[in-house]
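Asker: After the sequence you'll find the predicted model.
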Amino acid sequence: MCCSLRALVHLWVQSLQADADADLEASCEEGAGCAAGCAEGCAEELPAGENSSESSSSSSSEDDSDTEESDTRRSDEEQEKKESQPDRNESGGVNCLPHCEHCRNENAQREQVTPRRLAGGQYLLKLDADGTYQCSVTGLIFEVTESVTISYSLLSWSKYAGLVKPPWVVGGPLFDVHCKAASALTSIAFPHSLCLGDGDSHPAFKVLHIKGAGAAIEPSMDYSASHVRWLVSSLSPVGPLIRSEEPLLYHGAVVLYKAVDGDPSLLFRVYVATNNESFIKDIAKAVKHSKKKFIKIDKPPVCQKLLQKGKRYRLLCEPEAEVTPEEIEFVDGSLLKLKSYIEVYLEKHEDFTLSLIELESEAVVWKAKLRESRYFVF
């Protein structure tokens, strides 16, 4: 009887093992199918040179060292996202709306509209009814009383530098706006690049209205943490100006370019700018007309700390590189034809980290890691 009981237990254990093996096999087949489906659905979103389907299908056969390398790479990417979050618009440029504790949620209630892109950097919006609309690319806010078609383009402040007189300084991007039914466009709100803090700051905002060879400084209707609103008098180039007795705090951006040549060493240009679309456009234009060929390095540009006129900043590189100049005093260079930059030179290709530090507080204003595998293949 004891032998018979042992036999029954043995058969029962074998049956359970067979069922478990069958379940495991089915689970593996289902998991492989899900991984393949996920790889197919996500392939278009991966950076060039990375293939998620190959990674998924080969993960079971990789050794421990490959797994550790993958985990390290994932950890680096997660750390990079924490260091500096992208704040970009549809055109690939820096988003004119700031990433700031005091400014971030102000425009949530406005209807967002996406313009058509035309030749020569022109934008075109067709608005079907009266209301207030915000351009998702430039941040401009239009108030209209009927159905209208609006075209607009971004201009350079440096072209009109002679028209901006002290104590006024540039407050945001300059736009040339046109509307077929001009009387239906009642107001335009221009994004500005200043941080007004928690409401204790009370600067004076106006707009520079360029008319032919001259210009007029016109009053603004009101301003907010992110915009300056102007009642339309006539349509021609217009942009916000600011006057303040207190130190100005700017939402900043850091823009990177890498020299492309046959030299085995690495040369970068690092531009520290206000988060002003006109300024960013001028930088791109200056790089384009440089004697050397450069490519833009796509890293999160928006500074996580405010920039202040007159304060000094230092760019650090780890591992060490030649950085020229080692320190800069921040000024808003919107009106300057020649845009200043920091040059970074490395003798060999390797991963490295750039950090912009405010000297007075030693706070990290901006940080980015550049990897040889992604950025040094050009």
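Answerer: Nice, thanks for sending it over.
Asker: and the gap between residue 203 and residue 241?
Answerer: Distance of residue 203 to residue 241, computed by CB to CB, to the nearest Å: 10 Å. Heads up, the C-betas are built off the backbone N, CA and C, glycines and all.
Asker: and what of residue 147?
Answerer: 32 Å.
Asker: cool, and residue 282?
Answerer: In terms of CB to CB, residue 282 sits 17 Å off from residue 241.
Asker: Comparing residue 203 and residue 241, which shows the higher neighbour count?
Answerer: More neighbours sit around residue 241 than around the other of residue 203 and residue 241, counting by other CB atoms under 10 Å; the figures are 22 against 15.
Asker: What mean pLDDT does whichever strand or helix holds that one get?
Answerer: Assigning secondary structure by DSSP states H and E places residue 241 in strand 238-243. The average of the pLDDT scores along strand 238-243 is 95.
Asker: pull the CA atoms of that strand into CSV?
Answerer: Provided in CSV are the C-alpha atoms of strand 238-243 (Å, rounded to 0.1, in the frame of the first residue of the first chain):
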residue,chain,number,x,y,z
VAL,A,238,6.4,94.9,-33.4
GLY,A,239,8.2,93.6,-30.3
PRO,A,240,8.1,94.0,-26.5
LEU,A,241,10.4,96.4,-24.6
ILE,A,242,11.0,96.6,-20.8
ARG,A,243,12.3,99.1,-18.4
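Asker: Mind giving me the packing neighbours of it?
Answerer: In terms of contacts (3 or more CB pairs under 8 Å, 6 or more residues apart in numbering; DSSP states H and E), strand 238-243 is packed against strand 169-170, strand 174-179, strand 185-191, strand 204-211.
Asker: repeat that for 7 Å
Answerer: The helices and strands touching strand 238-243, judged by 3 or more CB pairs under 7 Å, 6 or more residues apart in numbering; DSSP states H and E, are strand 169-170, strand 174-179, strand 204-211.
Asker: Give me the sheet partners of the last one and which way each runs.
Answerer: Listed by DSSP bridges, the sheet partners of strand 204-211 and their directions read strand 214-219 (antiparallel), strand 238-243 (antiparallel).
Asker: Now distance to residue 170 too, for those, in a markdown table please.
Answerer: Output for the strands paired with strand 204-211, formatted as a markdown table (distance: least, CB to CB, whole Å):
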| stretch | distance to residue 170 |
| --- | --- |
| strand 214-219 | 13 |
| strand 238-243 | 7 |
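Asker: ranking these by burial, who's on top?
Answerer: strand 238-243 (a mean of 23; mean count of other CB atoms under 10 Å).
Asker: After that one, which helix or strand is next?
Answerer: Downstream of strand 238-243 (by DSSP H and E), the next one is strand 249-250.
Asker: which other residues reach that next one?
Answerer: 193, 194, 195, 274, 306, 307, 308, 332 (CB atoms under 7 Å, 6 or more residues apart in numbering).
Asker: and which of those residues is nearest residue 253?
Answerer: residue 274 (7.2 Å; CB to CB).
Asker: so how many other residues sit close to the closest residue to residue 335 other than its chain neighbours?
Answerer: Closest residue to residue 335 apart from its sequence neighbours, by CB to CB, 6 or more residues apart in numbering: residue 161 at 4.1 Å. By other CB under 10 Å, 13 other residues sit near residue 161.
Asker: tell me the secondary structure for residue 161?
Answerer: Using DSSP: H, G, I helix; E, B strand; the rest coil as the criterion, the local structure at residue 161 reads helix.
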